[in-house]
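S.K.: sharing a model prediction with you, sequence too.
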Amino acid sequence: MKTNNIYIETYGCQMNLADTELVLGILTNKGYSVTDDISDANVILLNTCSVRDNAEQKIYNRLDHLKGIKRENPEAVIGILGCMAERLRKSLVEEKKIVDVVVGPDEYRRLPEYLDIAFGGEKGIGVKLSRTETYDDIIPYREDGLSAWISVMRGCDKFCTFCVVPFTRGRERSRALESIAAEIKQISGRGFREVTLLGQNVNSYLDNGNDFADLLAASAVVDRSIRIRFTTSHPQDLSDKLLYTIAEHPNICNYIHLPVQSGSNRVLELMNRTYTIEHYLNLIEKARKIIPGVSFSTDIISGFPTETFEDHILTLDVMQQVRYDGAFMFKYSPREGTKAYNMKDDVPEEVKTKRLNEIIDLQHSISFEINQAQIGTEEIILVEGFSKKSDQFLSGRTDTNKIVIIPRSEEIKSGDYVKVKINRATSATLFGELVEKMEPHSLSANIA
Ligand code: SAH
Ligand code: SF4
Ligand code: F3S
């Protein structure tokens with residue numbers, strides 16, 4: 001075991017992936033090194049998620065496993081970061097004796113101090129939330145690659161009644177536009193080809209009168225050969241200006257993750273989602289007019305309190321009307337401290353499961369049909385590397401975030417944009433052949 005050597009595991013959403021890079025930026029700046037060998041580390045960190053109960057159970061199982069590591073290596077400091085740290089605070093060190101450090105999302109700047117406290121034999125606990133912290137000046141620790149995450153805002157003010165995020169991440173605040181543009185410039189110089197701008201609700205981004213559409217436009221012009229993605233958009237705040245901005249810039253991807261959660265207005269109201277299905281479907285229709293070829297993905301919760309069979313059918317209906325390219329689908333999980341926690345969790349587990357399975361089956365068949373319809377079309381993909389299954393194939397992604405597998409070819413390498421023809425499809429993957437290599441500046445949104 002070396003000293004000043006950190007090992008970190010990341011759970012939960014993309015914001016946590018970005019935060020891990022931030023944390024490693026802060027720690028390497030203080031003389032720590034990063035290792036991917038846990039037995040070589042004297043600091044073991046878990047960056048955790050609280051969004052559903054099973055996310056937290058995963059961490060408890062992991063902590064049980066880490067007991068063995070701590071036995072072999074009693075000097076090692078074990079720390080919990082992220083949303084579980086914020087939610088459970090001191091009770092984490094009281095219940096789990098092997099935890100030495102608990103630091104929430106707004107206190108990462110002081111993580112080195114909390115680690116020092118733990119090295120001194122005390123518990124290091126930092127869980128204050130901030131109204132202003134954006135880590136604007138911190139340079140994240142990024143390994144070389146093609147795809148980078150950038151948090152453009154932190155926190156969430158929406159308070160959907162099922163959701164723990166406003167409690168674990170605090171109030172909404174935006175990072176300065178100039179500093180985001182400067183970061184994109186810097187990673188462009190390092191050869192990155194894709195940036196995903198992150199926030200729980202990016203549409204409420206605001207910095208000095210610049211809204212999210214302004215930020216997207218400013219990001220897109222930094223380097224035209226870099227693709228810009230973003231997530232997540234809340235259906236209430238998605239503006240026409242944003243849709244026109246996506247349409248105008250070929251390197252802003254024609255892909256919008258727009259969580260609907262439920263197809264029933266009654267349930268949406270109980271969820272405090274603040275839109276109706278009519279508003280939502282209107283938005284989809286408008287986006288499809290303004291951005292030809294735009295694709296959508298969504299999040300859906302099954303079994304929210306009081307959800308009836310009729311509500312469930314309405315959710316299936318909405319899926320059929322929108323025909324999402326993809327969906328993240330969950331069973332409702334009550335979270336202490338949220339408004340919905342006070343509602344009776346009255347949909348029986350087996351009904352939740354049955355409804356969820358119907359939702360998943362429907363989405364699979366829709367994805368399959370959408371992908372089948374792509375056969376014979378041409379697409380531009382960004383090549384990301386070998387396919388997972390074989391180094392005789394390359395894997396890339398379309399503008400609309402679909403994975404395409406093509407045969408390996410000597411003239412193509414990771415980071416190239418190539419035009420491909422699709423000749424086969426499953427519900428998850430497209431298969432194609434090379435048509436031609438593109439010049440990066442000819443990057444085009446929609447050529448099919
Ligand atoms: N800010 C994003 C997503 C945050 S969490 C948004 O508003 O869409 C990601 C997804 O997890 C949510 O969209 C929701 O579908 C799901 N989720 C959040 N809390 C949940 C809970 N208590 N039970 C089940 N799913 C939940
Ligand atoms: Fe949670 Fe709603 Fe905020 Fe998304 S918008 S993070 S679901 S409270
Ligand atoms: Fe999980 Fe926190 Fe993200 S609860 S989903 S890691 S914001």
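M.R.: That came through, no problem. Ligands and ions are numbered 1, 2, ... in the order given.

S.K.: buried residues in the worst-scoring helix or strand of the chain on mean pLDDT?
M.R.: Using mean pLDDT, DSSP states H and E, helix 90-95 stands out as the lowest-scoring helix or strand of the chain, at a mean of 87. Buried positions in helix 90-95, judged by neighbour count with 16 or more other C-beta atoms under 10 Å: 92-93. For every residue, glycine as well, the C-beta is placed using N, CA and C.

S.K.: I'd like to know which elements it is packed against.
M.R.: strand 101-103 (3 or more C-beta pairs under 8 Å, 6 or more residues apart in numbering; DSSP states H and E).

S.K.: identify all contacting residues around the strand it packs on.
M.R.: The contact list for strand 101-103 (C-beta atoms under 8 Å, 6 or more residues apart in numbering) reads 45, 77-81, 85, 88-90, 92-93, 110-111, 114-115, 117-118, 123-127.

S.K.: how about the helix or strand that comes right after that strand: buried residues?
M.R.: Next helix or strand after strand 101-103 toward the C-terminus (DSSP states H and E): helix 111-119. By neighbour count with 16+ other C-beta under 10 Å, helix 111-119 contains the buried residues 111, 114-115, 117-119.

S.K.: which one of those sits closest to ligand 2?
M.R.: L111 (23.6 Å; C-beta to the nearest ligand atom).

S.K.: surely I78 touches L92?
M.R.: No: using C-beta atoms under 8 Å, I78 is not in contact with L92; the gap is 10.6 Å.

S.K.: give me the common contacts of those two.
M.R.: Common contact partners of I78 and L92 (C-beta under 8 Å, 6+ apart): V99.

S.K.: where do the helices sit along the stretch 201-350 of the chain?
M.R.: For the stretch 201-350 of the chain, the helices defined by DSSP state H, counting those that start in this stretch occupy 212-220, 240-248, 265-270, 277-290, 309-322, 349-372.

S.K.: could these go into TSV alongside mean neighbour count and mean pLDDT?
M.R.: Formatted as TSV, those follow (neighbours: other C-beta atoms under 10 Å; pLDDT from 0 to 100):
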stretch	mean neighbour count	mean pLDDT
helix 212-220	22	98
helix 240-248	18	97
helix 265-270	18	98
helix 277-290	16	98
helix 309-322	17	98
helix 349-372	16	98
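
S.K.: residue ranges in the chain under the pLDDT threshold?
M.R.: By pLDDT under 70, the low-scoring segments of the chain are 1, 440-448.

S.K.: gap between whatever residue of the stretch 101-250 of the chain ends up closest to ligand 3 and F296?
M.R.: Closest to ligand 3 within the stretch 101-250 of the chain is V165: 4.8 Å, counting by C-beta to the nearest ligand atom. To F296, V165 is 22 Å away according to C-beta to C-beta, to the nearest Å.

S.K.: where does L45 land in three-state SS?
M.R.: Assigned with DSSP: H, G, I helix; E, B strand; the rest coil, L45 falls in the strand class.

S.K.: for the closest residue to T134 other than its chain neighbours, phi and psi?
M.R.: The spatial neighbour of T134 that comes closest, neighbours along the chain excluded (C-beta to C-beta, 6 or more residues apart in numbering), is R175 at 4.3 Å. The phi/psi pair for R175 (degrees, to the nearest 10) reads phi -90, psi 160.

S.K.: again with G303
M.R.: phi 80, psi 30.

S.K.: who in the stretch 51-200 of the chain is up against ligand 2?
M.R.: 156, 158-160, 163, 165-166, 200 (C-beta under 6 Å from any ligand atom).

S.K.: then the stretch 201-350 of the chain?
M.R.: Checking the stretch 201-350 of the chain against ligand 2 by C-beta under 6 Å from any ligand atom, the hits are 201, 234.

S.K.: and for the closest residue to ligand 2 within the stretch 201-350 of the chain, the neighbour number?
M.R.: Per C-beta to the nearest ligand atom, N201 is where the stretch 201-350 of the chain lies closest to ligand 2, at 4.9 Å. Residues within reach of N201, counting by other C-beta atoms under 10 Å, total 20.

S.K.: that one: what's it in contact with?
M.R.: For N201, the contact set (C-beta under 8 Å, 6+ apart) comprises 153, 156-158, 172, 232-234, 237.

S.K.: hmm, try it at 7 Å
M.R.: Listed by C-beta atoms under 7 Å, 6 or more residues apart in numbering, the contact set of N201 reads 156, 158, 232, 234, 237.
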